[in-house]
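[1] the following block contains a protein sequence and its predicted model.
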Amino acid sequence: MYARWAATTAVITSTQNRLLGSRRTLLPWQQRCIAGGSADRPLEEDVQARVRALIEAGVLPRDTSKTLWVGKGSGAICPVCQQPITADAYEFDLGDVLLHRDCHRAWQREVRAG
């Protein structure tokens, strides 16, 4: 019984390490996080760099819309921080893209900076 438990634990640990390695490779901007709270969030300069990259890639618009819709989080994944926008948070609708409040502020700063 103990041998099965130990083998299962080893497989789970190995899988978790592989997932972490994949995330480091695929999302390098998320590596520098401030630990603490309910979730680790990327540092502000990393968020700004990610917003810049998404604007250049055409995922986020280059200019502010005249109409902004804000509502309760629907569970959609924010393209800036790659985290779901939960029901206890507000989501900011940029047309085709939904952002967290802080990610929306970072986008606004980047658009204003030109």
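    On my side now, so go ahead.
[2] CA only for contacts and neighbour counts going forward, please
    Noted.
[3] check what pLDDT residue 18 gets.
    pLDDT recorded at residue 18 is 76.
[4] against residue 8, how distant is it?
    15 Å (Cα to Cα, to the nearest Å).
[5] over to residue 63?
    Residue 63 sits 51 Å away from residue 8, going by Cα to Cα.
[6] which residue, other than its chain neighbours, is closest to residue 50?
    Using Cα to Cα, 6 or more residues apart in numbering and skipping residues adjacent in sequence, the residue nearest residue 50 is residue 80, 6.2 Å away.
[7] touching, the one you found and residue 99? I think so.
    Yes: under the criterion of Cα atoms under 8 Å, residue 80 makes contact with residue 99 at 7.3 Å.
[8] mind listing the shared neighbours of those two?
    Shared contacts of residue 80 and residue 99 (Cα atoms under 8 Å, 6 or more residues apart in numbering): none.
[9] spit out the contact partners of residue 60.
    Residue 60 is in contact with 51, 54, 94, 97, counting by Cα under 8 Å, 6+ apart.
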